[in-house]
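Enquirer: With the input below, show me the fold.
(2 chains)
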Amino acid sequence: MTKVLLSNIDRPEQVKLETYRASGGYRGLEKALKLDQAAVIEEVKASGLRGRGGAGFPTGMKWGFVPRNSPKPTYLLCNADESEPGTFKDRLLMERDPHLLIEGMAIACYALNCHLSYIYLRGEYEFIAHILQKALDEAYEAKILGPSLMGRDFALDIFLHLGEGAYICGEETALIESLEGYRGYPRLKPPFPAVSGFLASPTVVNNVETLCAVPWIIQNGAAAYASMGTEKSKGTKLFSVSGHVNKPGVYEVEMGYPLLDFIKNESGGIPNGRKLKAVIPGGSSVPVLTAQECESVVLDYESLAKAGSMLGSGGVIVFDETTKMPEVLSVIADFYAHESCGQCTPCREGTGWAAKILRNIVAGKGKRSDLELLLKIANMMEGKTICPLADADVMPIRSFVNKFRNEFEDFCNGH
Amino acid sequence: MIEFSQEAKRRYNAIVSHYPEKRAALIPVLHLAQREFGWISQEVADYVGELMDYPPSDVLSVATFYTLLHKKPAGKYHMEVCRNVSCWLMGAYRCVDEIKSLLRIDVGGMTEDGRFSLNLTECLGSCGTAPAMQVGDRYYENLTPQSLAEIIEKLKND
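Expert: A predicted model of the protein is given here:
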């Protein structure tokens, strides 16, 4: 299979500019700089690349929304705030192949006519900041970045910005607020960042994996990228697999790979000969799938949506038959309660009460009527807030309670 | 009255120069302040506010939003064990119990010598190498009670 993202991930010293260049690095940027800026955007549009942070929005279209004749500068922000539970793919790209990200960002900046760009890296990844900074320094020294992008009449600065621990800052408008130096409160949209984002200027926020796919697309052509995957989900995708599997890790596969084959072939199946019970296919925010539902699912946006879940960030968490699902949901609900920014009442209150009710149930002190209360709280949160964090709590609550109702009732036995 | 060291002042100027507007530097400056002074006390908020010309209440309101900015003193080795799904599945709480018994502290506590403190944290992005913990700018992964005992022993003598 053709690898777009991980082809050099195991190459020794790939973090170094010299090695990166020897593996064909920065040739995508060289090629892009020979094209019109608009032609680069058209190429990305034609590739069918969609945002890999979780929303799956077409990348080229997002770039196309930036007004061409704005008197204000345009900013590109790389969203490296990877914190969706179950997701650890961006980390691998940045730790092992940091120049790939820098090249992707440089191409995007050229296409967007952006001269100042930031990598918003989650604070916990400070150890990766050292790696990225070294790579940025090398790129400046080699005059790839700086006053003239690869010798062209185009200035580009890329700076690293560390977050300080807040899941919500992965939401693009919260990321912008945080980058501006404020609490990470999501903003109402519209206006969308493409029109008014960082410092009220046109801003594009792209995920690490999305940007890392760009050099390959430019070098090999949109058609080559679009020839991989399915009709609507083009190309390859990284999946982070964790939980009850023999070989947890990050795997790159073409979109459309059957989920159960993926678990068996790529991540080595389930340990100790146990049976599969459930899978969270796209990070903790998406609805859980039962083992039976997994049978007909392939890994792409449409198939997972049809099964009532989402591809999300590609964070696949696998649960074997011994897992107590109410306990898992309680862990998840505690997370959303902790990470709610507190701006919208339905989310601030709802995530907190849902977490308390679940803790009570797991402690054996719950009542069956609590399950109805939980679902009622979910209804009261859904779609009533500025950002999707509340919905991200609703999806696991509803799917866990409805699909594993017996287990929840067993925990409430006698009450 | 506290003050940045010469090195930190140099760093401060570099940070501010990275942004078109000074305000955007506030959170990186708080990070720098924490590295200098250990945690974001009222005194530190006053100093950063004075330095950047923002009210201390504004500085503290930002600092209190972010979990990596400490609002109370933390140990030299602040151990943050991930409690999220994959780490939980792979035995994060066994590791927490091990730390508690080795250091005789509770979650949220600190050893008397100020060397170690312990907290639970949310997903570290180490789900494939679970369970994991962060100590400063370092990750420790695939933790077991045995490996933890070794890590703590090493940090004790560090």
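Enquirer: Where does the closest residue to chain B within the stretch 251-400 of chain A sit, in terms of helix or strand?
Expert: Closest to chain B within the stretch 251-400 of chain A is A:V331: 5.1 Å, counting by Cβ to the nearest Cβ. Glycine gets a C-beta too; all of them are placed from N, C-alpha and C. A:V331 belongs to helix A:325-339 when assigned by DSSP states H and E.
Enquirer: go on, A:A194?
Expert: Element membership for A:A194 (DSSP H and E) is empty, with no helix or strand holding it.
Enquirer: Could you tell me how many residues sit around it?
Expert: When counting by other Cβ atoms under 10 Å in any protein chain shown, one arrives at 20 neighbours for A:A194.
Enquirer: Report the angle between the helix or strand following the helix holding A:V331 and helix A:325-339.
Expert: Downstream of helix A:325-339, the first helix or strand assigned by DSSP H and E is helix A:345-362. Counting by axes from the mean of the first three to the mean of the last three Cα atoms, to 10 degrees, helix A:345-362 points 150 degrees away from the direction of helix A:325-339.
Enquirer: Check which element follows helix A:345-362 along the chain.
Expert: Heading C-terminal from helix A:345-362 (DSSP H and E), you reach helix A:368-381.
Enquirer: tell me what that next one is packed against?
Expert: If contacts are counted by 3 or more Cβ pairs under 8 Å, 6 or more residues apart in numbering or on different chains; DSSP states H and E, helix A:368-381 sits against helix A:345-362, helix A:389-403, helix A:405-411.
Enquirer: Mean pLDDT, distance to chain B and mean neighbour count for those helices - can I get that in JSON lines?
Expert: Shown next, in JSON lines, are the helices and strands packed on helix A:368-381 (pLDDT from 0 to 100; distance: least, Cβ to the nearest Cβ, whole Å; neighbours: other Cβ atoms under 10 Å in any protein chain shown):
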{"stretch": "helix A:345-362", "mean pLDDT": "98", "distance to chain B": "12", "mean neighbour count": "20"}
{"stretch": "helix A:389-403", "mean pLDDT": "98", "distance to chain B": "10", "mean neighbour count": "22"}
{"stretch": "helix A:405-411", "mean pLDDT": "96", "distance to chain B": "16", "mean neighbour count": "16"}
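Enquirer: What is the three-state secondary structure of the residue of chain B most remote from its centre?
Expert: For chain B, the residue at maximal distance from the C-alpha centroid (Cα atoms, centre = their mean) is B:P20, at 27.8 Å. At B:P20 the chain is in coil, as set by DSSP: H, G, I helix; E, B strand; the rest coil.
Enquirer: Pick out the residue closest to the middle of chain B.
Expert: B:L68 (4.8 Å).
Enquirer: ok, it touching A:R122?
Expert: No - using Cβ atoms under 8 Å, B:L68 is not in contact with A:R122; the gap is 9.1 Å.
Enquirer: which stretches of the stretch 1-150 of chain A form strands?
Expert: A:74-80, A:114-121 (DSSP state E, counting those that start in this stretch).
Enquirer: Tell me what angle the longest one forms with strand A:74-80.
Expert: Compare the direction of strand A:114-121 with that of strand A:74-80 by the same axes, to 10 degrees and you get 20 degrees.
Enquirer: Wondering if strand A:114-121 reaches chain B at all.
Expert: Yes - judged by Cβ under 8 Å from any Cβ of the partner chain, strand A:114-121 and chain B are in contact via A:L116.
Enquirer: And for the nearest residue to B:L148 once chain neighbours are set aside, the neighbour number?
Expert: Nearest non-adjacent residue to B:L148, counting by Cβ to Cβ, 6 or more residues apart in numbering or on different chains: B:E98, 5.0 Å away. B:E98: 20 surrounding residues under other Cβ under 10 Å.
Enquirer: same check, this time on the one 4 residues further on
Expert: Residues lying near B:L102 (other Cβ under 10 Å) number 16.
Enquirer: what residues are up against the residue nearest to A:G312 when sequence neighbours are not counted?
Expert: Excluding the flanking residues, the one nearest A:G312 by Cβ to Cβ, 6+ apart is A:G282, at 2.5 Å. By Cβ atoms under 8 Å, 6 or more residues apart in numbering or on different chains, the contact set of A:G282 is A:G54, A:L304, A:S309, A:M310, A:L311, A:G312, A:S313, A:G314, A:G315, A:V316.
Enquirer: element containing A:G282?
Expert: When elements are assigned from DSSP H and E, A:G282 belongs to no helix and no strand.
Enquirer: Wait, B:Y77 touches B:R138, no?
Expert: No - the criterion here is Cβ under 8 Å, and B:Y77 misses it with B:R138 at 9.5 Å.
Enquirer: who has more neighbours, these two?
Expert: With neighbours defined as other Cβ under 10 Å, B:Y77 and B:R138 compare such that B:Y77 has more, 20 against 11.
Enquirer: Distance from the helix or strand encompassing B:L102 to the middle of the chain?
Expert: For B:L102, the element it lies in under DSSP H and E is helix B:92-103. Distance of helix B:92-103 from the chain centroid (Cα atoms, centre = their mean, to the nearest Å) equals 19 Å.
Enquirer: Now that helix: buried residues?
Expert: Going by neighbour count (16 or more other Cβ atoms under 10 Å in any protein chain shown), the buried part of helix B:92-103 is B:A92, B:C95, B:V96, B:E98, B:I99, B:L102, B:L103.
Enquirer: A:Q37 and A:C109 touch, don't they?
Expert: No - using Cβ under 8 Å as the test, A:Q37 is too far from A:C109 to be in contact (10.0 Å).
Enquirer: And the helices in chain B?
Expert: B:6-17, B:26-37, B:42-52, B:56-63, B:85-89, B:92-103, B:145-156 (DSSP state H).
Enquirer: And the stretch 1-150 of chain A, by the same measure?
Expert: Under the criterion DSSP state H, counting those that start in this stretch, the stretch 1-150 of chain A contains helices at A:17-22, A:27-34, A:37-47, A:59-64, A:89-96, A:98-112, A:126-141.
Enquirer: from these, which stretch is densest packed?
Expert: Stretch with highest mean neighbour count among the helices of the stretch 1-150 of chain A: helix A:98-112 (a mean of 27; mean count of other Cβ atoms under 10 Å in any protein chain shown).
Enquirer: A:E18 and A:G104: what is the separation?
Expert: Per Cβ to Cβ, to the nearest Å, A:E18 is found 19 Å from A:G104.
Enquirer: Count the residues that sit near A:G308.
Expert: The burial count for A:G308: 15, using other Cβ under 10 Å.
Enquirer: same deal with the one 5 residues further on?
Expert: Taking other Cβ under 10 Å as the criterion, the count of residues near A:S313 is 32.
Enquirer: My guess is it contacts A:T87. True?
Expert: Yes - using Cβ under 8 Å, A:S313 makes contact with A:T87 at a distance of 4.3 Å.
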